[in-house]
Each structure stands twice: as C-alpha cells, then as structure tokens.
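[1] this one's sequence-less:
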C-alpha cells in the first residue's frame, strides 16, 4: 500500500475561502468514528497531486496536522473532492480518518488487463463493478485489484467470489455478484418497411374486377378498332352517286 505525506493546518473560523485561495490553499474536513469532525486547510498543489495518484488506486495519507503550537499525525484517505463547475479546480476535500490498529472498510478500485478472447470473437466486455468493498487493517489495504480477462469467452464472467486477495483482507460484497462479463452482440437483419408479409398478402389476394369507364390507356385501342370499321363505309359514297 502506497502512503504519502501531506501537511495541513487546523482552519481558523475567520479564514475565508478567498483568503485561503490567495495563499494557495483550499478548505477541507476530517471526520471518522475515532476522530471528531475538524475543519482544516491544505495546499492546493498537494491535494491535486494526491488526487492524480488516486486514479491508479487507493492511497493512505499521513496527515501532519498543525494546530497553533500543537502537532499531530493522522492516517486518512480521500473520501470525496469538490471541483469548480467552470475551472474544474479542486475547491474542497473530505478526508476520512482511519485507525491503524483497527480494521476498517474500504472501497478498492478494480481494473482489468488483457484483451478477452470473447471480445476478439465479436463480444463486448462489460465492467460492472468498479470498486470492491473490503475489510482489513489499513496496513493490509490493497491499493487496487487487477483482473486478467484475456481468457474470457463470450458469456464468461468473473464474480466477486473469483477474486483472491491477500490474507487478512476480507471482501464484503455479495460473492455471486458479477464484476466483469463478456456479452455477445445479437446481429439482426434490418427489416424493409412493408416487405414483411407481402408475398403472403399477394398470394391470397383475388383478381380485381374493374367496373365503370375504362382508363384512358385502355380506351385508346378500342377507339382504334372503331375507326377501322368506319373506313369502308366512307368509300361506298361514290358508288351510290353513279346509280
């Protein structure tokens, strides 16, 4: 377990946020079962550096605390940080104090490594549980949990019960809960609008009987035939004159 040291001071009641920012500090709070809630101030650069390291796993912090002439050390973990909505700068931090000689409960981040065989075959790796809750002494706390997923096929999963940690570290989550799973992708043919069921509909359809006047294109041939019969009658006119 990695451990870092940060210096801090007990925050005075008259210390405004603006004043702290000018001094390169932010307000923070320490709390815990064995510690009374205490407002403190920490250097911005120290907390920023520690939070960046947190992305790689859990960190225990030795907090060197100064209260006027009194100095003491506390072991804490960063529970939560608040950021400015525009600048994304850290503007506040919550620190949870832990007791070195007592077991505590901690959330340990879970990371995956390797490319699953099921993913190579077209599946998708779903990372369901990003943290695992454990109970242990602070000195035994793992900074992170790495799961090798390279052997997972489609529909394979790693459950909480499959995770093995060092002796003295007890996993508190449901052992049947899935942590990662490889799911297959269902590929369905895109349906053409109106195509489904069309052949059956056409097969059962009776011939349409057209009533009333024929359409223009159907009337044209009939008119042509009538004209052909009228032609001989027109030629008979001169024969009638000779008589």
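    Right, received. Where do you want to start? What you see is a predicted model; the values in this text were computed from it and never measured. Numbers count the residues shown, from 1 in each chain.

[2] contacts and neighbour counts: CA atoms only from here.
    Will do.

[3] Residue 127 touches residue 159, doesn't it?
    No. Contact between residue 127 and residue 159 fails when scored by C-alpha atoms under 8 Å: they sit 11.2 Å apart.

[4] Overlap in contacts, those two.
    With contacts taken as C-alpha atoms under 8 Å, 6 or more residues apart in numbering, the residues that reach both residue 127 and residue 159 are 179-180.

[5] need the helices for the chain, in chain order.
    Using DSSP state H, the helices of the chain run over 17-22, 44-54, 117-120, 198-203, 216-235, 237-242.

[6] How far does the third one sit from its chain's centre?
    I take that to be helix 117-120. 20 Å (C-alpha atoms, centre = their mean, to the nearest Å).

[7] Give me the buried positions along that helix.
    117-119 (16 or more other C-alpha atoms under 10 Å).

[8] for residue 151, what are its contacts?
    Contacts of residue 151 by C-alpha under 8 Å, 6+ apart are 116-117.

[9] Pull up the distance across stretch 139-155, start to finish.
    Start-to-end span of stretch 139-155 (C-alpha to C-alpha, to the nearest Å) is 37 Å.

[10] How far away from the center of its chain is that stretch?
    19 Å.

[11] same thing with stretch 164-184?
    For stretch 164-184, the distance to the chain centre is 20 Å (C-alpha atoms, centre = their mean).

[12] neighbouring strands for the lengthiest strand in the chain, and are they parallel or not?
    Looking across the chain with DSSP state E, the single longest strand is strand 70-83. Here strand 70-83 is paired, per DSSP bridges, with strand 60-67 (antiparallel), strand 90-98 (antiparallel).
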